[in-house]
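Trainee: Can you look at this prediction? I've put the sequence above it.
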Amino acid sequence: MRLQVGARTDTGRVRTLNEDVFLLRPEQGLFLVCDGMGGCPAGEVASEMAALSILKYIIRREKPNVNAAPQDDQYLPQSRRLRRAVERSNQYIYERAHADPDRAGMGSTVVGAWISGAIVSIAHVGDSRAYLWHRNRLARLTHDHSLIENGEHKNVLLRALGREATVDVDVRELAVQPDDYLLLCSDGLTNAVPEAAVSKTIARVRDPQRICDELVKMANRRGGPDNITVVVVAVVGSVWQSMWDWTRRLSGGHIAAADSAS
Amino acid sequence: MPRLILRLDDRLVNRWPLGPVVTIGRLPDNTIVIDSPAASGHHACVALDGSDFLLEDLESTNGTFVNDARVSRHTLHNGDIIRIGDHTLEFDAKHGGDVDARHAAERIVSNPGDTVFLDADKHQALLAMLQEAGADGHGAAAADASRVGVLRVLNGRADRPEYHLQAHTSFIGKADTSLVRLKGWFTPKVAVVITRSDQGYTATRMRSSARINGAPLTGHCDLKEGDVLRVGGLTLEFGFSR
């Protein structure tokens, strides 16, 4: 399975600071979007801390713990590791926030995807989201940890990294196949651009980097009220697979299937 | 609704109605910003505790005083004077009517588009009120998560009569780690993957021809009770365990 990746972050048109960060490690299959909070400069620091500490914990070699609790949470090992990385990142930011009064109250959201083989582990805390786009259908993979999803109070977070000593991390697994698009974003996109428009843009543009550029432009056209960050990962099959799909598309089979799904 | 009246040198600066959580401090993300070097970044907070308002000092450097006594936690009474640095805040319990949770929530969000964090503990009161008001977020989604999916073997040689889809990801294929082990020369290691979320189960075809209810399985298929999956010589029926 090959991956094609695009990403873009933008301050938006109202804010003066960009407290969002993204992190791309295609070689490890790891992709993160973090949206920091806590004001200048703590928000910027928190989101960067979140992304870097998660990466650090993911790639760190660990001795297998023989006394580890039985693993009966029904998750794959990589999902468990991703969850632990996010939990540790929370602890790290929490400790930093308490050690430095200038950083008191800092926090960050995170949505992360770790792809190994055809399985994607998604972990998230806060209101940054993950979506799966497949044949003109955009499925939201995360529930916002905010007071009322899609309601008037959607920007009141109930969970964030660094705000409490421990954090509950939502983890889910899904399988992907060629032609799937994974989209990670901060609320700066989802508060400005409706899901239907996001879906149409992916269908029309197809190139991951150009999708990100286009979506950021759209959010800014709609006022750009917040920092906007988009990461798009396209799952690409083998060369043979692409040729096969292409011939099917030419023959009309693929298009018909796409139309009936929309 | 009770309110806090901020004064500096006996001059009225501002008034705030009290929501479920009000934070006071020097940094701009506080509900009540006190522009004074004597105030800590996040100096104190006032949280709704049952029907009372509880003032809590957030380990501030210069302390929080109520009626000239330093406090760490203090239940506010009408007319209490809170002093932070050279600013005073008067607690006016008699103002207005009852606390309206919806309005209170709106006030926590100082700027539309701002990302604000709410401490879960201190926010229980508001959540309870919002739930009473019928403005609950989600919670119904979790109810179905405990239902475990089952694949029952209708036809073909399998090592078990049924397979419980307890894991978040279950594999069907030749690999040792598969839940449903397939045999045969041309069988791929992973033929179909079934993933579980709080919305139910989804089957995704990997490298094989699989059929769902007679039609080729392409893309991601959300499984419903009674769906019949054919893969690698096995016919499996999806359902939920009883």
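Mentor: Received it, and whenever you're ready, just let me know what you need.
Trainee: And the helices in chain B?
Mentor: B:101-108, B:124-132, B:140-143 (DSSP state H).
Trainee: check contacts around B:V71.
Mentor: Residues near B:V71 by CB atoms under 8 Å, 6 or more residues apart in numbering or on different chains: B:L55, B:D57, B:T64, B:F65. No exception for glycine: its C-beta is placed from N, CA and C like everyone else's.
Trainee: ok, now with 6 Å
Mentor: B:T64 (CB atoms under 6 Å, 6 or more residues apart in numbering or on different chains).
Trainee: interface residues of chain A facing chain B?
Mentor: A:37, A:39, A:74-76, A:101, A:104-105, A:107, A:118-119, A:134-135, A:148-149, A:153, A:155-158, A:160, A:163, A:172-175, A:225-226 (CB under 6 Å from any CB of the partner chain).
Trainee: Over to A:K56. Which of the three states is it?
Mentor: A:K56 falls in the helix class when you classify it by DSSP: H, G, I helix; E, B strand; the rest coil.
Trainee: residues near it, how many?
Mentor: A:K56: 13 surrounding residues under other CB atoms under 10 Å in any protein chain shown.
Trainee: tell me, what residue is most central in chain A?
Mentor: What sits nearest the mean C-alpha location of chain A, by CA atoms, centre = their mean, is A:L184, with 3.2 Å.
Trainee: so that residue bridges to which residues?
Mentor: According to DSSP bridges, the partner residues bridging A:L184 are A:A130, A:V231.
Trainee: need the contact list for it.
Mentor: A:F31, A:V33, A:V111, A:A130, A:V231.
Trainee: Just the buried residues from the residues of chain A next to chain B, in PyMOL please.
Mentor: Burial among the residues of chain A next to chain B is assessed by 16 or more other CB atoms under 10 Å in any protein chain shown; the matching PyMOL selection reads:
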select buried, chain A and resi 37+39+74+75+76+104+105+107+118+119+134+135+148+153+155+156+157+158+160+163+172+173+174+175+225+226
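Trainee: Contacts only, for A:R172.
Mentor: With CB under 6 Å, 6+ apart, A:R172 has these contacts: A:I122, B:S197.
Trainee: same thing with the one 4 residues further on?
Mentor: Counting by CB under 6 Å, 6+ apart, A:V176 touches A:A118, A:V120, A:V235.
Trainee: quick one: the strands in chain A?
Mentor: Secondary structure of chain A (DSSP state E): strands located at A:2-10, A:20-25, A:30-37, A:107-108, A:110-116, A:119-125, A:129-134, A:137-140, A:156-157, A:170-175, A:181-185, A:228-236.
Trainee: which stretch in these is the model least sure about?
Mentor: Within those, confidence is poorest for strand A:156-157, with a mean of 79 (mean pLDDT).
Trainee: and it, how far out from the chain's middle?
Mentor: Here strand A:156-157 shows a centroid-to-chain-centroid distance of 18 Å under the convention CA atoms, centre = their mean, to the nearest Å.
Trainee: Please apply the same query to stretch A:190-210.
Mentor: So, by CA atoms, centre = their mean, the centroid of stretch A:190-210 is 15 Å from its chain's centroid.
Trainee: list the buried ones in that stretch?
Mentor: For stretch A:190-210, by 16+ other CB under 10 Å, it's A:T190, A:N191, A:A192, A:V193, A:A197, A:V198, A:S199, A:T201, A:I202, A:A203, A:V205, A:P208.
Trainee: What of stretch A:96-115?
Mentor: In stretch A:96-115, the ones that count as buried by 16+ other CB under 10 Å are A:96-97, A:103-115.
Trainee: Among those, give me the pair with the biggest separation.
Mentor: Farthest-apart pair in those is A:A104 and A:I115; separation 35.8 Å (CB to CB).
Trainee: rewinding a little: let's have the buried residues of stretch A:190-210 in a markdown table, adding pLDDT.
Mentor: What follows is those, written out as a markdown table (pLDDT from 0 to 100):
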| residue | pLDDT |
| --- | --- |
| A:T190 | 94 |
| A:N191 | 90 |
| A:A192 | 91 |
| A:V193 | 93 |
| A:A197 | 94 |
| A:V198 | 96 |
| A:S199 | 95 |
| A:T201 | 96 |
| A:I202 | 97 |
| A:A203 | 95 |
| A:V205 | 95 |
| A:P208 | 94 |
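Trainee: coming back round to it: closest one of the contacts of A:V176 to B:V148?
Mentor: A:V120 (22.3 Å).
Trainee: Could you check how many residues crowd around that closest one?
Mentor: Residues near A:V120, counting by other CB under 10 Å: 27.
Trainee: any idea how far B:R207 is from it?
Mentor: Per CB to CB, to the nearest Å, A:V120 is found 17 Å from B:R207.
Trainee: What's opposite A:H124 in the beta bridge?
Mentor: Bridge pairing for A:H124 - DSSP bridges - gives A:V111, A:D170.
Trainee: I figured it hits A:D170, correct?
Mentor: Yes: counting by CB atoms under 6 Å, A:H124 does reach A:D170; the two are 5.5 Å apart.
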